[in-house]
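Novice: Next one to model:
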Amino acid sequence: MLLGVALFFSACSSKRGTVLRSSKNYPSSTSKNTEPSTNNSRPNVSADKGGTSSGNAYIDRYRSIAIAEMNQYGIPASIKLAQALLESGNGNSYLAKEANNHFGIKCGGSWNGRSTNRPDDGPNDCFRVYSNPDDSFRDHSQFLLRKRYEPLFALKKDDYKGWAHGLKQAGYATNPRYAYLLIDLIERYQLYRYDSEETFIEQEVREHQVEDIIKVKEVVEEEVAPEEVKKPVAMTIYEVKANDTLYSIAQRYQLTVQELIDLNALDDENLSVGQLLVVSK
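Specialist: Numbers count the residues shown, from 1 in each chain. Got it, this is the predicted structure:
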């Protein structure tokens, strides 16, 4: 039975044990109100709004592999795409370009493939090199198929809000706004369009399959802390103040304006007071 966590689903979730609470209990990513949102409808965003051209091109390139992984394991395609957009800077990071590594996964664990070294936690950390980007997306699924993330797989595969908050709760990221960054990207680019609903029976079958995979991996793979394979994502977030501009913020954090635009998938240079921006590469 999938392990429970402190937060609970209502009876509408899988009958198999206690799991993460459903997304309807989480506040909106953009609302300042801290009360839970009662509106479960997906936002009505016109197709030509939001996101950069580089972000849209990235999504067009990798949505198929994200959907395929979702159908196999239940990780929402929207979540995988949003994480990849953030961690690879729309595919522009050094690791994405030089190692086809879009999620910053290190050489730890059972990896015996090619590798590259570059400064990270240490001066010469080892990162996985993939033959192509699709292999990076597949390996990201394998990274999540471990005990600490097991409760997430009891969520429905179109519950992107539940997954976003569940990843943060399970320790995938250290930044307290990580879940909202994912949700904002998903809703800005309408990535939820790529998520699929599933019946109760389909969910039950998938949960059993994932349970078995995680059990086998625990036996076959050498025991290694997840942080040795991939450290929790740490992102510096800046809240926009009155009179801020992209240029002034970029200067403050030693970024170019274009890097700031790419990091936050902005479609123009307009900012609003209180807006949250990722300001760390």
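Novice: And the helices in the stretch 101-250 of the chain, which stretches?
Specialist: With DSSP state H, counting those that start in this stretch as the criterion, the stretch 101-250 of the chain has helices at 133-144, 160-169, 178-188, 200-220, 226-229, 246-252.
Novice: right, and those helices - which one's nearest A77?
Specialist: Closest of those to A77 is helix 160-169, at 9.0 Å (criterion: C-beta to C-beta). Yep, even glycine has a C-beta here, placed from its N, CA and C like the rest.
Novice: Tally up the residues packed near the closest residue to N92 other than its chain neighbours, please.
Specialist: Nearest non-adjacent residue to N92, counting by C-beta to C-beta, 6 or more residues apart in numbering: D262, 6.0 Å away. Residues near D262, counting by other C-beta atoms under 10 Å, number 22.
Novice: Most remote residue from the middle of this protein, which is it?
Specialist: Most distant residue from the mean C-alpha position of the chain: N243, 31.3 Å away (C-alpha atoms, centre = their mean).
Novice: re earlier: next, format the helices of the stretch 101-250 of the chain as TSV and append mean pLDDT.
Specialist: As requested, the helices of the stretch 101-250 of the chain are exported to TSV (pLDDT from 0 to 100):
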stretch	mean pLDDT
helix 133-144	96
helix 160-169	96
helix 178-188	92
helix 200-220	89
helix 226-229	65
helix 246-252	93
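Novice: Next, format those helices as a markdown table and append mean neighbour count and distance to N270.
Specialist: Output for the helices of the stretch 101-250 of the chain, formatted as a markdown table (neighbours: other C-beta atoms under 10 Å; distance: least, C-beta to C-beta, whole Å):
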| stretch | mean neighbour count | distance to N270 |
| --- | --- | --- |
| helix 133-144 | 20 | 31 |
| helix 160-169 | 25 | 25 |
| helix 178-188 | 24 | 14 |
| helix 200-220 | 14 | 41 |
| helix 226-229 | 16 | 38 |
| helix 246-252 | 15 | 9 |
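Novice: Quick one, which of those helices gets closest to L276.
Specialist: Short answer: helix 178-188, nearest of these by C-beta to C-beta, at 7.4 Å.
Novice: now for the closest one, which elements pack on it?
Specialist: Identification of packing neighbours for helix 178-188 by 3 or more C-beta pairs under 8 Å, 6 or more residues apart in numbering; DSSP states H and E yields helix 77-88, helix 160-169, strand 276-278.
Novice: can you list contacts of the shortest one?
Specialist: Translated: strand 276-278. Here strand 276-278 makes contact (C-beta atoms under 8 Å, 6 or more residues apart in numbering) with 86, 177, 180-181, 235-240, 249, 260, 263-264, 271.
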